[in-house]
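I would like to see how this sequence folds:
(chains A and B)
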Amino acid sequence: MLREKGFNTFVIVGGLTAWRKAGEPLESVPQNDLVKLPTFS
Amino acid sequence: MTDMVKLMAGHGYVLTFSLLFAEAIGLPFPAAIALVAAGAAVASHVLWGPSILLVAVTALLMGDTVQFWLGRYMGWLLLGFLCRVSINPETCILRSAESFYKRGKITLVIAKFIPGVNTMAAPLAGSMKMRFSQFLRLDFAGATLYATTYLTVGYLARDFLAAILRGFHAAGETMEAVVVAALVAYSVYRVVQYRKNKMYRVVPRVQVEELARRLASEDSSRVLIVDVRSHGYYDSGSSRIKNSIRIEPNNLEEEIKNLSKDKDIYLYCT
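Sure, this is the predicted structure:
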């Protein structure tokens, strides 16, 4: 769909797992982006 | 009916246990039908009622316990997997979680009667940190209610079931035609899905090393890395590619309004 809309798009082979295995830099997901779900505890 | 009774006489307890356990761990097996058949077998004095009830409840509790601990330790990954069949996996998880939080106790007792909720209830209880002792109590009540209900239906409807099975035998050829038609329809569906998915393979793929080289070059300002995991953001402490942004794939129409066409977009998921 992104390509249909004119965006030059690529897919990273292996995704996050391959990125992590290659030792490339990661960052923690920012608190604001985390979805808070209820818990019983 | 005679065939079914023979089958239940030979393997009734094992069959009932296996089917119920399989359904409890999320596999698409007809547990309710197995219970109804077992109930009919009890009415025919082939199985003993209290034993089959014990077998059924034990199988359900064991399967649900597996799901509970998978939910506890795999967090939202398992729920994401279970919600994959949903049109919108994220909404599936959020709505299930909210609904379960509001009506968690009652949900666990009646969940087995509701397709879909049945599969989600135990892992949700685990993910949402319900005490195991509380879960066991509620699940025991739910499993007992479910097994008793369908066993009773089978027990009371034995003659009616026999008539239905006689009807199936009489309509043997028609049933075969229906099964063949269903298999053909399913095959066509799979082919259509395959061709549809093939379209996605035209999107160029890049290796991690290639992207890393580009990020290290002067051209890096034209790179935008986008996380398209639809349900990877529930566990605190989860990570993502440095400087990537997230877009929700199920809300792409809105999300792309914020994207620039001046940049090359690199998508990734888990």
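
which stretches in chain A count as strands?
For chain A, the strands defined by DSSP state E cover A:9-12, A:26-28.

out of those, which one sits most buried?
Compared across the strands of chain A, strand A:9-12 shows the largest average neighbour count, a mean of 20 (mean count of other C-beta atoms under 10 Å in any protein chain shown). For glycine as for every other residue, the C-beta is placed from the backbone atoms N, C-alpha and C.

just give the strands next to it in its sheet, each with its orientation.
Strand A:9-12 has its sheet partners listed here by DSSP bridges as strand B:205-206 (parallel), strand B:264-268 (parallel).

give me the mean pLDDT for it.
Here strand A:9-12 scores 90 as its mean pLDDT.

hang on, the earlier thing: which of the strands paired with strand A:9-12 sits most buried?
strand B:264-268 (a mean of 21).

centre of the chain versus that strand, how much separation?
When distances are taken as C-alpha atoms, centre = their mean, to the nearest Å, strand B:264-268 is centred 30 Å away from the chain's centroid.

ok, and what's touching it?
Residues from elsewhere that reach strand B:264-268, judged by C-beta atoms under 8 Å, 6 or more residues apart in numbering or on different chains: A:2, A:7-12, A:15-16, A:19, B:206, B:211, B:222-228, B:241, B:244, B:259.

using PyMOL, make a named selection holding only the buried ones among the residues you listed.
The buried residues among the contacts of strand B:264-268 can be selected in PyMOL (16 or more other C-beta atoms under 10 Å in any protein chain shown) with this line:
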select buried, (chain A and resi 2+7+9+10+11+12+15+16+19) or (chain B and resi 211+223+224+225+226+227+228+241+244+259)
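
which ones are touching the most centrally placed residue in chain A?
Nearest to the mean C-alpha position of chain A, by C-alpha atoms, centre = their mean, lies A:Leu16 at 6.9 Å. Listed by C-beta under 8 Å, 6+ apart, the contact partners of A:Leu16 are B:Asp227, B:Arg229, B:Ser239, B:Arg240, B:Ile241, B:Tyr268, B:Cys269, B:Thr270.

can you redo the strands of chain A as TSV with distance to B:Thr65?
Shown next, in TSV, are the strands of chain A (distance: least, C-beta to C-beta, whole Å):
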stretch	distance to B:Thr65
strand A:9-12	38
strand A:26-28	32
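
re earlier: redo the strands paired with strand A:9-12 as JSON lines? Include mean pLDDT.
Shown next, in JSON lines, are these (pLDDT from 0 to 100):
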{"stretch": "strand B:205-206", "mean pLDDT": "88"}
{"stretch": "strand B:264-268", "mean pLDDT": "91"}
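
turn those strands into CSV, columns for distance to B:Gln134.
Converted to CSV, the strands paired with strand A:9-12 look like this (distance: least, C-beta to C-beta, whole Å):
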stretch, distance to B:Gln134
strand B:205-206, 47
strand B:264-268, 39
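
which one of the ones you listed lies nearest to B:Ile110?
Closest of the strands paired with strand A:9-12 to B:Ile110 is strand B:264-268, at 40.0 Å (criterion: C-beta to C-beta).

just give the nearest non-adjacent residue to A:Glu24, would you?
Nearest residue to A:Glu24, sequence neighbours excluded (C-beta to C-beta, 6 or more residues apart in numbering or on different chains): B:Ala212, at 5.5 Å.

quick one: the one you found from B:Val206, how far?
Separation of B:Ala212 from B:Val206 (C-beta to C-beta, to the nearest Å) stands at 10 Å.

over to B:Tyr155?
Noted for B:Tyr155: a distance of 62 Å to B:Val206, by C-beta to C-beta.

and B:Ser133, backbone torsions?
Here is the backbone geometry of B:Ser133 (degrees, to the nearest 10): phi -60, psi -40.

right, is the helix or strand of chain A at the bottom of the mean pLDDT ranking up against chain B?
When the helices and strands of chain A are scored by mean pLDDT, DSSP states H and E, strand A:26-28 comes last with a mean of 88. Yes: using C-beta under 8 Å from any C-beta of the partner chain, strand A:26-28 reaches chain B at A:Leu26, A:Glu27, A:Ser28.

before I go, just wanted to say thanks for your time.
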